[in-house]
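Undergrad: Dropping the sequence and predicted coords here.
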Amino acid sequence: MRTTFISTRSMSEATRLTLLKSQVKFAQASQEAVTGRFADVGIALGHKTGQTVSFRQDIERLDSISKSNDVASTRLDAAQLTLKGLVSQADAFNKSAILYASAPNGALSTSEAQAMFNSFLDKLNSTNDGAYLFAGINSDVKPVAYSTAAETSVQTAFAAVSGGNPATVSPAAMAAFLDGPFADLFNDTNWKANWSQASDTNIRSRVATNEMIDTSTNANEQPFRDLMRAATMMSQLGNAQLPAETQRVVAQKASSILSSALTALSNVQATLGVSEQRIADSNERMSLQKDMIGNRIGMLEGVDQAEASVRVNELEKQIEMSYAITGKIQKLNILDYL
């Protein structure tokens, strides 16, 4: 005769192990019911796990580009707003120069011209989040300053034509000076040596996985130099010591330069506007890409949340029953049956 010994301890241990497994399954089912995603993607998908990892990396890359696009868009918006103000001031300055050309000594004072000069400088040195908008890639350096070198170069050049006595400068001499030595002060070499620390290279941003564009401009562009040239001309040369006809030449030349600069500034605005549109188009495409990738991930990792909720309820009942059975087993005592 064979007897088998079954202790209450072994029965309790078996029930305890079953209870632990049920608790693990309950936690996993609860997580799946809430997230709609496998609790353990690696076990559920096996060799297909690599696909979801790759898809999630794609989404992270697109999110990174989107954040970069937000920064670029903010910079472009700030630049456009500054340019709008610059154009408005330049247009008003041009109108004043035209009036001054018809009535020297009255329509435009030197102090008014100096104020416009300072305003142009302020606009070209505008910042956004601590970065200079018109410095190109040198965004941590003030792009334009009326340095000692710039001031000296203007004074030296004018002294050569005036001989220290502005009242003797003829209209013809002034015209030749403005088109020659004075214009040379704002050529590429002298502008960068005496006025500008901006870089010719604009900030480039990756606006899509396969697309990079310029997302800034710089103060070395011709229209910005022309604005400062006209403002310097009127504030430093268009003074009451010059003969009236000579002052008229200065004002006419300043107006001509401002008119050209205004047209060029419109082109700069248009160029930045194209960049803004390309960013908007890229963001729209990336949003669609992320939706498509998200759907692919959902097809691989997704679970039926309703079914997971049913499993949660069933497992909860099983766990409650296990607790009840374990409690009864622990109360069993052989002495009760002797």
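TA: Thanks, I have the structure now. On a predicted model such as this, the values are computed, not experimentally measured, just so you know.
Undergrad: list the buried ones in stretch 279-290?
TA: By 16 or more other CB atoms under 10 Å, the buried positions in stretch 279-290 come out as 279, 282-283, 286. In short, each C-beta sits where N, CA and C put it, glycine included.
Undergrad: what residues does it touch?
TA: 58-59, 62-63, 65-66, 69, 72-73, 76, 205, 207-208, 211, 213, 215 (CB atoms under 8 Å, 6 or more residues apart in numbering).
Undergrad: My understanding was that Ile297 contacts Arg56; is that so?
TA: Yes. Here Ile297 lies in contact with Arg56, judged by CB atoms under 8 Å, at a distance of 6.8 Å.
Undergrad: what about the two, which has more around it?
TA: Residue environment comparison for Ile297 versus Arg56 gives the larger neighbour count to Ile297, 20 against 14, counting by other CB atoms under 10 Å.
Undergrad: which one is the more buried one nearest to, not counting chain neighbours?
TA: By the measure of CB to CB, 6 or more residues apart in numbering, the closest residue to Ile297 outside its immediate chain neighbours is Phe55, 5.0 Å from it.
Undergrad: Per-residue pLDDT of Leu76, please?
TA: The predicted local distance difference test score for Leu76 is 96.
Undergrad: Ok, Ala324 next?
TA: Looking at Ala324, its pLDDT reads 63.
Undergrad: quick one: the strands in the stretch 201-338 of the chain?
TA: With DSSP state E, counting those that start in this stretch, the ranges of strands along the stretch 201-338 of the chain come out as 204-208, 211-214.
Undergrad: Would you mind listing where the protein has pLDDT under the threshold?
TA: Counting by pLDDT under 70, the ranges of the chain that qualify are 1-47, 104-109, 238-240, 300-312, 315-338.
Undergrad: Against Met228, how distant is Ala173?
TA: If you measure Ala173 against Met228 using CB to CB, to the nearest Å, the figure is 23 Å.
Undergrad: Sorry, wrong one. I was asking about Lys84.
TA: The span separating Lys84 from Met228 equals 18 Å under the rule CB to CB.
Undergrad: Which one's more surrounded, these two?
TA: Shown here are Lys84 and Met228; by other CB under 10 Å, Met228 has more neighbours (24 against 12).
Undergrad: Please parse this protein into its domains.
TA: Taking automatic domain parsing as the criterion, the chain consists of the domains 8-36+303-337, 84-286.
Undergrad: Tell me how far the longest one lies from the chain's centre.
TA: A distance of 26 Å separates the centroid of the chain from that of domain 84-286, by CA atoms, centre = their mean, to the nearest Å.
Undergrad: quick one: terminal-to-terminal distance for it?
TA: Start and end residues of domain 84-286 are separated by 30 Å (CA to CA, to the nearest Å).
Undergrad: Also stretch 131-139?
TA: End residues of stretch 131-139 are separated by 5 Å (CA to CA).
Undergrad: Can you give the contact residues for it?
TA: Looking at what lies outside stretch 131-139 - CB under 8 Å, 6+ apart - the contacts are 75, 78-79, 82, 124-127, 140-144, 197-203, 216-220, 224.
Undergrad: Identify those among those that sit within helices.
TA: When helices are assigned by DSSP state H, the members of the contacts of stretch 131-139 inside them are 75, 78-79, 82, 124, 224.
Undergrad: Please report which of those residues has the highest neighbour count.
TA: Counting by other CB under 10 Å, Phe224 has the largest number of neighbours within the ones in helices among the contacts of stretch 131-139, with 28 neighbours.
Undergrad: Distance-wise, check that residue relative to Lys48.
TA: Between Phe224 and Lys48 the distance, using CB to CB, works out to 56 Å.
Undergrad: go on, Val249?
TA: According to CB to CB, Val249 stands 80 Å off from Lys48.
Undergrad: of these two, who's got more company?
TA: Val249 (25 against 13).
Undergrad: any idea how far that one lies from Asn283?
TA: Plainly put, Val249 is 51 Å away from Asn283 if you go by CB to CB.
Undergrad: Understood, closing this out.
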